[in-house]
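Engineer: Output the structure for:
(one chain, ligands or ions: 2)
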Amino acid sequence: MKVLVIGGGAREHALCHALARDPQVTGLHCAPGNAGIAADATLHPVDALDGEAVAELAEELAVDLVVVGPEAPLVAGVADAVRDREIPVFGPGLDAAQLEGSKAFAKDVMAGAGVPTSRSYVCTTAEEVEEALDAFGAPYVVKDDGLAAGKGVVVTDDIDAARAHAAGCERVVIEEYLDGPEVSLFAVTDGETVVPLIPAQDFKRAYDGDEGPNTGGMGAYTPLPWTEPGLVDEVLRTVLQPTVDELRRRGTPFSGLLYAGLALTSRGVRVIEFNARFGDPETQVVLARLETPLAGLLYAASTGALADHPPLRWSDAAAVTVVVASNGYPAQPRTGDVIEGLDAVAREDAPDVYVLHAGTKLDAEGRTVSAGGRVLSVVAVGKDLAAARERAYAAVARISLPGSHHRTDIAAAAAGE
Ligand code: AMP
Ligand code: GLY
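Structural biologist: Residues are numbered from 1 along each chain as shown. Ligands and ions are numbered 1, 2, ... in the order given. Predicted coordinates for the structure are as follows:
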């Protein structure tokens with residue numbers, strides 16, 4: 001099977017890393033990719049938001065499957081353009097991707113499907129905003145309705161900050177605050193059959209102890225030893241399957257990866273948000289434990305054949321990923337710094353440790369340099385979380401990126417440290 005992956009971050013590197021190890025995959029391409037993905041896949045320049053360009057490339061390469069990684073191309077209808085040429089594509093079309101593209105749409109689908117989530121109001125005027133903030137009280141949760149690359153949500157006790165964020169958005173969702181730990185659960189679906197993956201936890205704040213600004217995610221781990229054993233079945237029954245059924249009923253079937261961001265509150269599981277694609281950095285740890293070949297699974301989802309796919313197999317190992325971020329991330333990431341030590345990790349620590357690239361490129365002298373806010377995602381597996389943590393941080397210590405920062409407490413609490 002020949003596969004083309006669209007995107008160029010650590011999530012796409014994790015997908016390519018898994019696909020490259022799948023014996024069924026005979027050709028692997030990525031567009032646009034990054035300096036690290038080049039080791040696993042042939043790179044092609046493309047505007048990932050241009051559906052016709054992506055479909056054209058898929059046709060030229062005669063691939064059997066296109067996997068769209070990030071949300072922006074999905075919301076731009078890139079999967080539709082590929083599907084129109086009758087090439088199997090993993091990822092929802094524009095209509096179903098609104099589940100991530102519009103928070104108001106997601107709330108409407110959840111209401112229709114009876115999926116548990118926070119109570120909310122969709123507001124377009126300052127008066128409506130004021131009423132909604134008043135109805136829920138602090139802490140205030142104010143969300144930009146549209147895609148905002150992780151910057152659209154403000155959770156604050158400060159009513160002026162809540163008002164200011166709302167004023168900067170065309171349409172906002174104001175909702176009830178959910179307490180309790182957050183869990184990410186992904187499911188692969190063909191629009192009808194839903195196959196849950198395994199839960200993972202992301203660390204969204206920039207600094208240790210969940211301090212500092214929100215980021216795209218600073219690390220993740222799996223398994224989650226502190227959750228109830230029945231969690232996945234419960235979320236499949238109460239969240240994932242009803243959502244997929246509701247979208248099909250509306251005539252906008254969702255195929256691809258359904259990501260449920262959940263809060264485990266004192267009153268039960270609640271959906272915080274849906275995403276329409278693999279999460280980053282959770283994907284890095286979830287795929288590290290997947291033993292079932294990835295290409296067949298994604299192909300089955302893309303061709304409506306998931307009901308016939310064998311049950312997934314998972315390793316008992318634990319996986320941890322630590323994100324190495326550039327100087328100034330998330331406010332003002334600096335780029336162009338030279339990364340050193342990657343060879344030492346590849347030589348000394350493989351295969352239990354590997355470095356996935358997020359924002360990297362080769363400079364004119366052929367050196368790997370930082371090219372984004374999140375630069376690397378160092379993944380380690382071990383017999384338990386403590387062992388995986390130790391390996392991940394030993395590898396992070398071998399890598400040098402001037403001015404970089406990373407969290408030191410990824411999976412620490414779950415490992416009992
Ligand atoms: P989202 O983009 O919807 O995932 O929101 C980003 C982050 O904001 C989430 O991971 C939560 O930490 C926080 N958040 C979002 N909605 C709520 C809520 N209703 N209650 C508490 N925290 C929330
Ligand atoms: N892990 C957060 C996200 O992918 O949106």
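Engineer: give the contact list for Phe278.
Structural biologist: Arg11, Ala14, Leu15, Gly69, Phe186, Leu257, Tyr259 (C-beta atoms under 8 Å, 6 or more residues apart in numbering). The C-beta positions use only the backbone N, C-alpha and C, and glycine is treated the same way.
Engineer: tell me the average confidence for whichever strand or helix holds the third one?
Structural biologist: It refers to Leu15. Here Leu15 sits within helix 10-20, counting by DSSP states H and E. Averaging pLDDT along helix 10-20 yields 98.
Engineer: and it, which residues are buried?
Structural biologist: Within helix 10-20, the residues that count as buried by 16 or more other C-beta atoms under 10 Å are Ala10, Arg11, Glu12, His13, Ala14, Leu15, Cys16, His17, Ala18, Leu19.
Engineer: other SSEs contacting it?
Structural biologist: Under the contact criterion of 3 or more C-beta pairs under 8 Å, 6 or more residues apart in numbering; DSSP states H and E, helix 10-20 touches strand 2-7, strand 27-32, helix 282-289, helix 294-302, strand 353-357, strand 374-382.
Engineer: got the angle for the fifth one vs helix 10-20?
Structural biologist: So that's strand 353-357. 130 degrees (axes from the mean of the first three to the mean of the last three C-alpha atoms, to 10 degrees).
Engineer: do the second one as well
Structural biologist: Between the direction of strand 27-32 and that of helix 10-20, the angle (the same axes, to 10 degrees) works out to 170 degrees.
Engineer: can you give me the helices for the stretch 101-250 of the chain?
Structural biologist: Applying DSSP state H, counting those that start in this stretch to the stretch 101-250 of the chain gives helices spanning 103-113, 126-136, 159-167, 231-235, 241-249.
Engineer: what's the closest of those helices to ligand 1?
Structural biologist: helix 103-113 (7.1 Å; C-beta to the nearest ligand atom).
Engineer: Run the chain-centre distance for that closest one.
Structural biologist: Helix 103-113 sits 20 Å away from the centroid of its parent chain (C-alpha atoms, centre = their mean, to the nearest Å).
Engineer: now do stretch 7-23
Structural biologist: Distance, centroid of stretch 7-23 to centroid of chain: 13 Å (C-alpha atoms, centre = their mean).
Engineer: re the thing from before, looking at the helices of the stretch 101-250 of the chain, spot the one closest to Gly91.
Structural biologist: Checking the helices of the stretch 101-250 of the chain against Gly91 by C-beta to C-beta gives helix 241-249 as the closest, at 13.9 Å.
Engineer: about what we covered before: mind putting the helices of the stretch 101-250 of the chain into JSON lines with mean neighbour count and distance to ligand 1?
Structural biologist: Below are the helices of the stretch 101-250 of the chain laid out as JSON lines (neighbours: other C-beta atoms under 10 Å; distance: least, C-beta to the nearest ligand atom, whole Å):
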{"stretch": "helix 103-113", "mean neighbour count": "20", "distance to ligand 1": "7"}
{"stretch": "helix 126-136", "mean neighbour count": "15", "distance to ligand 1": "9"}
{"stretch": "helix 159-167", "mean neighbour count": "16", "distance to ligand 1": "12"}
{"stretch": "helix 231-235", "mean neighbour count": "16", "distance to ligand 1": "16"}
{"stretch": "helix 241-249", "mean neighbour count": "20", "distance to ligand 1": "15"}
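Engineer: With respect to Val194, which of those helices lies nearest?
Structural biologist: helix 241-249 (5.1 Å).
Engineer: For the stretch 201-350 of the chain, list the residues in contact with ligand 2, please.
Structural biologist: By the rule C-beta under 6 Å from any ligand atom, the part of the stretch 201-350 of the chain lying against ligand 2 is Asp202, Gly217, Asn275, Gly279, Asp280, Glu282.
Engineer: distance of the second one from Leu43?
Structural biologist: What it means is Gly217. Applying C-beta to C-beta, to the nearest Å, the value for Gly217 to Leu43 is 24 Å.
Engineer: State the number of residues packed around Val353.
Structural biologist: Using other C-beta atoms under 10 Å, Val353 has 22 neighbouring residues.
Engineer: tally of neighbours for Pro139?
Structural biologist: 15.
Engineer: In contact with it, which residues?
Structural biologist: Counting by C-beta under 8 Å, 6+ apart, Pro139 has contacts Val155, Thr156, Asp157, Tyr177.
Engineer: Could you find the closest non-adjacent residue to it?
Structural biologist: Once flanking residues are discounted, Pro139 sits nearest to Tyr177: 4.7 Å by C-beta to C-beta, 6 or more residues apart in numbering.
Engineer: where does this protein have low pLDDT?
Structural biologist: Per-residue confidence for the chain (pLDDT under 70) gives these ranges: 148-151.
Engineer: Counting residues, name the longest helix you see in it.
Structural biologist: Ranked by number of residues, the top helix in the chain under DSSP state H is helix 385-398.
Engineer: got the CA coordinates for that helix in PDB?
Structural biologist: Below are the C-alpha coordinates for helix 385-398, written out as PDB (Å, rounded to 0.1, in the frame of the first residue of the first chain):
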ATOM      1  CA  LEU A 385       5.600   5.100  33.500                       C
ATOM      2  CA  ALA A 386       8.600   5.600  35.800                       C
ATOM      3  CA  ALA A 387      10.900   3.700  33.400                       C
ATOM      4  CA  ALA A 388       9.500   5.500  30.400                       C
ATOM      5  CA  ARG A 389       9.900   8.900  32.100                       C
ATOM      6  CA  GLU A 390      13.500   8.200  33.000                       C
ATOM      7  CA  ARG A 391      14.400   7.200  29.500                       C
ATOM      8  CA  ALA A 392      12.600  10.200  28.000                       C
ATOM      9  CA  TYR A 393      14.400  12.700  30.200                       C
ATOM     10  CA  ALA A 394      17.800  11.000  29.800                       C
ATOM     11  CA  ALA A 395      17.300  11.500  26.000                       C
ATOM     12  CA  VAL A 396      16.100  15.100  26.500                       C
ATOM     13  CA  ALA A 397      19.300  15.800  28.400                       C
ATOM     14  CA  ARG A 398      21.500  14.600  25.500                       C
END
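Engineer: By proximity to ligand 2, which residue of the stretch 151-300 of the chain wins?
Structural biologist: Closest point on the stretch 151-300 of the chain to ligand 2, by C-beta to the nearest ligand atom, is Gly279, at 3.4 Å.
Engineer: any idea what that residue is structurally, helix, strand or coil?
Structural biologist: Put simply, Gly279 is coil when judged by DSSP: H, G, I helix; E, B strand; the rest coil.
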